[in-house]
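Trainee: let me see the structure of the following:
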Amino acid sequence: MKKKLLVIISFAGALFLASCSMVTNEEIERWGRGRSAEGFVHPGVVYSQENFDIARKLVEKWEVHGNIPAAPPADDTIGNAPDRSTPLPDWIKWRDKRRELRRYAGEYRAYRSWQKLKSKGQASAGYSISAAADNAEYLARSGDPQFIGVMPEGAKIYYAGTFDNDFFAAYLNGVMYNVTQDVAHAEKAFDILDRYSRNLKGLPGSIHSDTRLLVGLQGGQIAMALELIRHPAAPLVSPFNDADFQSIDRMLRDIWIPRMERFFAYPPETQGNVDCAMLMAYLGMGVALEDRDIYDKALLLILDGENNGGFQYIHNETGQLQENHRDASHPALGVLKIGGALETAWIQGDDLYSVNNNEFLRGLEFYCQLMLGADRYLPWDPFWQDVTRGFNYNTSPVLGDIGRQCWELPYNHYFKVKGLETMWLEARLVQDGEGDDNAPDSGPSYSSFLLYRP
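Mentor: Numbering: from 1, shown residues only. Okay, here's the model as predicted:
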């Protein structure tokens, strides 16, 4: 039975919802594919029961039975990518050969991704937690006074390079707990979150600061980690009870969530990848805390909020992304976080993947064609401006090194689940598995394995 969406607007919620062009509950329900009458689906922040069922079967196949997938032919069997002046028909021939190679390499990509995940230091139950966990009163991405303001004398503040590795480890240990079913991973993830929650007082910085990015990046990792140890995939049962999570819940409700709601209450002034990261984190916290109010507010913001994230990040007609004019790498972070948010919504019964006739897929196809080098055949709108009207400072797309991988999650949904053609997206997949999106600011990570579909 489909559950009627009710958005209960709190004082904090009213502030930022007032800044949105208000989307009605009926418009949200238009994208519903059937919410559970029992409430939230768990696990349900990016990863589902089905994902871990598949992952466990793959690990058993590889490591217990020794059935290792064969490596695919090398890329050089299809030749180098054409240059930018190559006619489009020749580009398409090369693209389709590369697509065949990628499709053949599917399970091998998953296997390579698993090898990278299990060897990652932050994925180990023996990970050494930094001193920040027991001492930090404040967290900040940098110590620049213009960003964090004047701090209380003697304040214990820690910067990126410490806490970001810890939260990444909490997330990866949550993942490993659900794959291996080894409770030591759950205990490590819980230990990290709980120790930070005991002393943390705030995330300093004005609405103009880099704190926005910290709130989104680390907030998303916390939401995924909390969900994975609080509501693990069956047959696992959490080794912790609700009382154990009180301090962590307080940290999210008193520190992280108010910061996000404050940012959303003001007119946007950041590049879109920042808003995309906050939206994924905000939506995920709604699920992990079983808070329907937060979850539904996040849906509103993704669909039509006054921000540069969600569907505001994508040109509805051309598919170009808000940061394609900026550089090659920042749009990858935006795509990664939008994908995480849409997958969370999908698990919960809301099909945002289909919004505006698969607008997210249009954006992915545009970006992948651009990054492969066939940009001269793209429909570029030089006059399109972001929500802030302040960042469209080039009139042509920018090519270059992406620096992270973000394709596997949407590929598995649009092609494997929905059966839609993913021409340029499939061609852009990494040959040997996504292990590059493994920096401390990352997540969803190792998606060639964790989100693999046969």
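Trainee: in which helix or strand would I find Met280?
Mentor: Assigned by DSSP states H and E, Met280 belongs to helix 272-288.
Trainee: same thing with Asn178?
Mentor: In the assignment (DSSP H and E), Asn178 maps to helix 163-180.
Trainee: got the CA positions of that helix in CSV?
Mentor: What follows is helix 163-180 as a C-alpha-only set of coordinates in CSV (Å, rounded to 0.1, in the frame of the first residue of the first chain):
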residue,chain,number,x,y,z
PHE,A,163,38.6,12.9,10.9
ASP,A,164,37.9,12.3,7.2
ASN,A,165,39.9,9.1,7.3
ASP,A,166,38.1,8.0,10.4
PHE,A,167,34.6,8.5,9.0
PHE,A,168,35.6,6.8,5.7
ALA,A,169,36.7,3.9,7.8
ALA,A,170,33.4,3.8,9.7
TYR,A,171,31.6,3.6,6.3
LEU,A,172,33.9,0.9,4.8
ASN,A,173,33.8,-1.2,8.0
GLY,A,174,30.0,-1.0,7.9
VAL,A,175,30.1,-2.3,4.3
MET,A,176,32.6,-5.1,5.3
TYR,A,177,30.4,-6.1,8.2
ASN,A,178,27.5,-6.6,5.8
VAL,A,179,29.6,-8.5,3.2
THR,A,180,31.7,-10.7,5.5
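Trainee: pretty sure Gly219 sits against Met278.
Mentor: Yes - between Gly219 and Met278 there is a contact under C-beta atoms under 8 Å: 7.1 Å. C-beta here means a position set from N, CA and C on the backbone, and glycine is covered the same way.
Trainee: okay, those two: which has more neighbours?
Mentor: Met278 (30 against 25; other C-beta atoms under 10 Å).
Trainee: so for the helix holding Met280, what's the average pLDDT?
Mentor: Averaged across helix 272-288, the pLDDT comes to 96.
Trainee: quick one: buried residues of stretch 108-127?
Mentor: Neighbour counts over stretch 108-127 (16 or more other C-beta atoms under 10 Å) mark 108-118, 120, 122-125, 127 as buried.
Trainee: can you tell me which of those end up in helices?
Mentor: In helices, defined here by DSSP state H, the members of these are Tyr108, Arg109, Ala110, Tyr111, Arg112, Ser113, Trp114, Gln115, Lys116, Leu117, Lys118.
Trainee: surely the fifth one and Tyr452 touch.
Mentor: No - using C-beta under 8 Å as the test, Arg112 is too far from Tyr452 to be in contact (11.2 Å).
Trainee: angle of the helix or strand encompassing Gln218 against helix 163-180?
Mentor: Using DSSP H and E, Gln218 sits in helix 211-230. Compare the direction of helix 211-230 with that of helix 163-180 by axes from the mean of the first three to the mean of the last three C-alpha atoms, to 10 degrees and you get 30 degrees.
Trainee: tell me what helix 211-230 is packed against?
Mentor: Judged by 3 or more C-beta pairs under 8 Å, 6 or more residues apart in numbering; DSSP states H and E, the packing partners of helix 211-230 are strand 138-140, helix 163-180, helix 183-199, helix 257-265, helix 272-288, helix 330-347.
Trainee: out of these, which is the most enclosed?
Mentor: helix 272-288 (a mean of 29; mean count of other C-beta atoms under 10 Å).
Trainee: mind listing what's buried in the helix or strand immediately after that helix in the chain?
Mentor: Sequence-wise, the next helix or strand downstream of helix 272-288 (DSSP H and E) is helix 292-304. Of the residues in helix 292-304, Arg292, Ile294, Tyr295, Asp296, Lys297, Ala298, Leu299, Leu300, Leu301, Ile302, Leu303, Asp304 count as buried by neighbour count, 16+ other C-beta under 10 Å.
Trainee: what stretches of this structure score poorly on pLDDT?
Mentor: 1-34, 37, 143-150, 207-208, 385-396, 399-401, 403, 435-438 (pLDDT under 70).
Trainee: 50 - rerun?
Mentor: Residue ranges of the chain with pLDDT under 50: 1-23.
Trainee: which residues sit in contact with the most centrally placed residue in it?
Mentor: Nearest to the mean C-alpha position of the chain, counting by C-alpha atoms, centre = their mean, stands Lys337 at 3.1 Å. Taking C-beta atoms under 8 Å, 6 or more residues apart in numbering, we find Lys337 in contact with Gly216, Gly220, Asn273, Cys276, Ala277, Leu279, Met280, Gly309.
Trainee: tell me the contacts of the nearest residue to it once chain neighbours are set aside?
Mentor: Nearest residue to Lys337, sequence neighbours excluded (C-beta to C-beta, 6 or more residues apart in numbering): Cys276, at 3.9 Å. Counting by C-beta under 8 Å, 6+ apart, Cys276 makes contact with Gly216, Asn308, Gly309, Gly310, Tyr313, Leu333, Gly334, Val335, Lys337, Ile338, Ala341.
Trainee: count the residues that sit near the first one.
Mentor: A total of 29 residues lie near Gly216 under the criterion other C-beta under 10 Å.
Trainee: now it, nearest residue through space, not along the chain?
Mentor: Gly216's closest residue in space is Ala277 (C-beta to C-beta, 6+ apart), at 2.9 Å.
Trainee: can you tell me how far the one you found sits from Gly174?
Mentor: Applying C-beta to C-beta, to the nearest Å, the value for Ala277 to Gly174 is 18 Å.
Trainee: repeat that for Gly305.
Mentor: For Gly305, the distance to Gly174 - C-beta to C-beta - is 28 Å.
Trainee: what's the answer for Lys116, then?
Mentor: 17 Å.
Trainee: if I pick Asp90, what's in contact with it?
Mentor: Counting by C-beta under 8 Å, 6+ apart, Asp90 has contacts Pro82.
Trainee: next up, identify which helix or strand it is on.
Mentor: Counting by DSSP H and E, Asp90 is part of helix 88-104.
Trainee: gap between that helix and the chain center?
Mentor: Helix 88-104 sits 28 Å away from the centroid of its parent chain (C-alpha atoms, centre = their mean, to the nearest Å).
Trainee: in that helix, what counts as buried?
Mentor: So, applying 16+ other C-beta under 10 Å, buried residues of helix 88-104: Trp91, Ile92, Trp94, Arg95, Arg98, Arg99, Leu101, Arg102.
Trainee: ok, those vs Lys418, which is closest?
Mentor: Closest approach to Lys418 among the buried residues of helix 88-104 (C-beta to C-beta): Arg99, at 16.8 Å.
Trainee: surely the closest one meets Arg428?
Mentor: No - applying C-beta under 8 Å, one finds Arg99 not in contact with Arg428, separated by 9.6 Å.
Trainee: for the chain, list the residue farthest from the centre, please.
Mentor: Glu153 (36.2 Å).
Trainee: before we move on, what SS does it have?
Mentor: Under DSSP: H, G, I helix; E, B strand; the rest coil, Glu153 falls in the coil class.
Trainee: please report the distance of it from Asp134.
Mentor: For Glu153, the distance to Asp134 - C-beta to C-beta - is 21 Å.
Trainee: likewise for Phe167?
Mentor: From Phe167 to Asp134 the distance is 15 Å (C-beta to C-beta).
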